[in-house]
Structure formats: C-alpha cells, structure tokens
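Visitor: Here you go, sequence then predicted model.
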Amino acid sequence: MLAAAARRRHVACAVSGGVDSAVAALLLRRRGYQVTGVFMKNWDPLDEQGACCIDKDCEDAYRVCQKLDIPFHQVSYVKEYWNEVFSDLLKEYELGRTPNPDIVCNKHIKFNYFLHYALDNLAVKLLQGADLFKDQTFFLSQISQAALRKTIFPLGDLTKSFVKKIAAEHGLHHVLKKKESTGICFIGERNFEKFLLEYLEPQPGNFVSIEDKKVMGTHKGWFLYTIGQRARLAGLKDAWFVVDKDVSTGDIFVAPSTDHPALYRDLLRTNRVHWIAEEPPAELIRDKMMECHFRCRHQMALVPCVLTLNQDGSVWVTLVKPERALTPGQFAVFYKGDECLGSGKILRLGPSVYTLKQGKNREEGAKKEETDKIEPAT
C-alpha cells in the first residue's frame, strides 16, 4: 500500500519488512518517485506472553530503506489497532461469528490512519492492478472512495514470481527468503485457541450432532470454532465438522462429513453494504435487484448471485448454487466483471440444504399421513 503526490512525485510507501513492500518501494524509486519508507507498529508485544516478530520486521524494513537509499520513518497505531480492529475481532467471536480482521484493518488502519499520516506529511494518489492469484480487492472492499483515489499499487500488474525475481536481482535476499505473512494482520500466526483465551473468558458448551441431537463432546467456547472447521472430538476416529452454532445455549452443531448438506446454504443477509463508488450500482437502485458475482473468502472462485436491496442498505444475497461454509462475521464481497463493487458483513444465513431437506421430508410425511387417514387401505 502506498500514498503519492503528483505535484512533487513524492510517495509514502508502507514497508512491512516483507518482499512485496520492498519491491514496491524499489519500483516506485525506479519510476522516478521520491520515496519515503514508513513502518507501521500496530501490535504491542508487551500485551501478551510469547514471541512477537515486530522488532525483526522493523529491522528488515529499515534495511530495505538503507539498501534503496530512501528515508525511513516509523509510526505507531497500537492503540488505534486495539480499539478499532482487535476489540472488534474479540466482540465478533463472543457473538459466535467468525470475523475477518484483515478487511477491518485495511479500513481503519492502513486506509485511514496511515492515509491521513501520508496526507499530512506527503500527498498521495491511487492506481489499481489485478493479479488473479494475489489479487487484494477482497481485502480492500471496505476502503473509501476518497482513500482509493489517493493510493497506488505498483505491483498490480506483476506476478509473485516476477516480484521475487526483481527482489533477487536487486540484492533484497533477506526479505526474499521470508515466508508469506499469514494469520491475523500485524499479529501473525498463533496457537489460536490459546491466544483467544488470553483475552476472552471460556464459555464451555457441547458439541451436538446435527442429525440426532446427541451430545458428542464438549468445548471451551463457541468463538473458538468456525463453520466448516474440523471439530476436535475426543475418542472419535472419524472426522466431524462444525455446521452451525447456537450462541444462546453454547451448542456447536457438528456433522460426520466435510461435505455434509448442513454445510451448504444459498442465502445470506449482510449489514449495510459499503459500496466503493459510495452509492449502490444504478441497476440495483432502479430495480432493487441485480445479478453480479460473490465471494466470501480470498481466492475463492466467484459465484454468480442475485442481490436484493433492502431499505436499510443491507442486501439479501441469493447464490445460483449452495456454497459450503458460509460464515457470519465474514464479508460478502461483490464483483461486476473485473470491478470490485464493495462488501457487507454477513449477519444472517438462510436454511441449510440439510434443513430444507428435513423440512421437505416432514412435509411429505405429514401429507402421506393425512392421505392415509382420508383413504384407508383396502
């Protein structure tokens, strides 16, 4: 992510200590921009026990700037990250939903606080690119129009392999060898259960079979599990998977197959959608319905869908075919052609394929029973 000034050709480049931001800074410098590297500290390692790689990342970012002979600045948004990203993540888990902090982080930290830092210290502007495998539009789907107009993405037309090739050619070997960053943004990978239980109180409950309502085991909190995840059931050889959660009782419903019909749904409702163009598409405003494409996970294949606009700005999303593991708290991101239209947080799910099938079976059974009463066997 970068911020730039057209008049002075001055760019504030967020350097993370990774290969992508290093090559971004390099390419901008080669294109004639006056580049300043800025490292964001957004997580305080003193807040928890355990290792944190922030100091190493900062050192790597500084070495990149030294190598490229550009100024290096540091900014800290630890408090802002805690209040606007991490606290939201904990709240979502407490509500039994599975959040996507990377989208919220982009919205509040990178494209708000860092953007204003760049605007106050350097002027900025935007370009956008699209690599099908490393495309970041999913994570940028909550960014404001004003922010996007003032940001540029110099890696947009490059593949990851070519980015690494450029890094190697220019001696950036210490970042070239680093693994891809994964886990929660600015926090990284952790023992997820242990990490969350440092901040949230345990909420013990039962694993319950979706098929016969039999208790299959116990857990420490519904917020530790997400729909589609394998459930850890002691003493069972076969794999069971989380298909639903009841926050009011603490029950986590499980099914004995990764492709169980209880995992598949074709209907969901979002909160008020954030449209990158600031307003819903004209077609959706006019007709209250619109065909487009949907994804709720990065790199997930786009799924055709129909949006129905509600008065409060939320949408119902009807998929052309049921999708596995739709999850409250995640974001539904919408596309029209190559354009990312925006996104809304998933708040409600329609009934699963399994529930619909059970309902149909009960209805057919009731009709048969009624028919038997009216037409006794001869």
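Guide: Okay, I see it. Residues are numbered from 1 along each chain as shown.
Visitor: How many neighbouring residues does Lys91 have?
Guide: 14 (other CB atoms under 10 Å). For the C-beta atoms, the positions are set from N, CA and C on the backbone; glycine is no exception.
Visitor: doesn't it fall inside a strand?
Guide: No - Lys91 sits outside any strand when classified using DSSP: H, G, I helix; E, B strand; the rest coil, being helix.
Visitor: Pop out the phi and psi values for the residue most central in space within the chain.
Guide: Nearest residue to the geometric centre of the chain (CA atoms, centre = their mean): Asn100, 3.7 Å. Backbone geometry at Asn100, expressed as degrees, to the nearest 10, gives phi -120, psi 90.
Visitor: how much space between it and His298?
Guide: The gap separating Asn100 from His298 is 9 Å, by CB to CB, to the nearest Å.
Visitor: what's near enough to touch the residue nearest to Thr137 when sequence neighbours are not counted?
Guide: The spatial neighbour of Thr137 that comes closest, neighbours along the chain excluded (CB to CB, 6 or more residues apart in numbering), is Cys340 at 3.9 Å. Shown in contact with Cys340 (CB atoms under 8 Å, 6 or more residues apart in numbering): 137-138, 140-141, 276, 333-334.
Visitor: Can you classify Cys340 by secondary structure?
Guide: Classification of Cys340 by three-state DSSP places it in strand.
Visitor: quick check, Pro202 in a helix?
Guide: No - Pro202 is assigned coil when assessed by three-state DSSP, not a helix.
Visitor: What count of nearby residues applies to Val303?
Guide: Val303 has 17 nearby residues by other CB under 10 Å.
Visitor: Bridge partners for it, pull those for me.
Guide: Note on Val303: beta-bridge partners Phe294, judged by DSSP bridges.
Visitor: ranges for the helices of the stretch 151-300 of the chain?
Guide: Applying DSSP state H, counting those that start in this stretch to the stretch 151-300 of the chain gives helices spanning 160-169, 173-176, 192-196, 282-287.
Visitor: and those helices as a markdown table, adding distance to Pro45, mean neighbour count and mean pLDDT?
Guide: A markdown table is the format used below for the helices of the stretch 151-300 of the chain (distance: least, CB to CB, whole Å; neighbours: other CB atoms under 10 Å; pLDDT from 0 to 100):
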| stretch | distance to Pro45 | mean neighbour count | mean pLDDT |
| --- | --- | --- | --- |
| helix 160-169 | 27 | 15 | 91 |
| helix 173-176 | 21 | 17 | 90 |
| helix 192-196 | 13 | 14 | 90 |
| helix 282-287 | 45 | 13 | 95 |
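Visitor: who wins for proximity to Asn112 among the ones you listed?
Guide: Closest to Asn112 of the helices of the stretch 151-300 of the chain, according to CB to CB: helix 192-196, at 25.4 Å.
Visitor: Gln229: how many residues sit nearby?
Guide: Gln229: 16 neighbours (other CB under 10 Å).
Visitor: got a list of what it touches?
Guide: Shown in contact with Gln229 (CB under 8 Å, 6+ apart): 241-242.
Visitor: so what's the backbone phi/psi at it?
Guide: Torsion angles, degrees, to the nearest 10, at Gln229: phi -80, psi 150.
Visitor: And it, how far from Trp222?
Guide: 12 Å.
Visitor: And for Met290?
Guide: Taking CB to CB as the measure, Met290 falls 34 Å from Trp222.
Visitor: Compute the distance between Leu319 and Thr258, please.
Guide: Here the criterion is CB to CB. By it, Leu319 lies 19 Å from Thr258.
Visitor: out of those two, which sits in the busier spot?
Guide: Just comparing Leu319 and Thr258: by other CB under 10 Å the higher neighbour count belongs to Leu319, 19 against 13.
Visitor: pretty sure that one contacts Leu302?
Guide: No - contact between Leu319 and Leu302 fails when scored by CB atoms under 8 Å: they sit 10.9 Å apart.
Visitor: which neighbours do those two share?
Guide: Shared contacts of Leu319 and Leu302 (CB under 8 Å, 6+ apart): Phe294.
Visitor: Low-confidence bits of the stretch 251-378 of the chain, can you list those?
Guide: Residues of the stretch 251-378 of the chain meeting the criterion pLDDT under 70: 362-378.
Visitor: so where do the strands sit in it?
Guide: Taking DSSP state E, counting those that start in this stretch as the test, the strands found in the stretch 251-378 of the chain are 251-255, 264-270, 274-275, 289-295, 303-309, 315-324, 331-336, 339-349.
Visitor: which one of the ones you listed lies closest to Leu90?
Guide: It is, among those and with distance given as CB to CB, strand 339-349, at 15.6 Å.
Visitor: Just the CA trace of the closest one, in PDB.
Guide: The C-alpha coordinates for strand 339-349 follow below in PDB (Å, rounded to 0.1, in the frame of the first residue of the first chain):
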ATOM      1  CA  GLU A 339     -14.700  -4.400 -10.900                       C
ATOM      2  CA  CYS A 340     -14.900  -4.900  -7.100                       C
ATOM      3  CA  LEU A 341     -18.200  -3.200  -6.100                       C
ATOM      4  CA  GLY A 342     -17.800  -3.300  -2.300                       C
ATOM      5  CA  SER A 343     -18.800  -5.600   0.500                       C
ATOM      6  CA  GLY A 344     -21.000  -6.200   3.500                       C
ATOM      7  CA  LYS A 345     -20.600  -8.200   6.700                       C
ATOM      8  CA  ILE A 346     -22.600 -11.400   6.700                       C
ATOM      9  CA  LEU A 347     -25.000 -11.300   9.700                       C
ATOM     10  CA  ARG A 348     -27.700 -13.900   8.800                       C
ATOM     11  CA  LEU A 349     -27.800 -17.200   6.900                       C
END
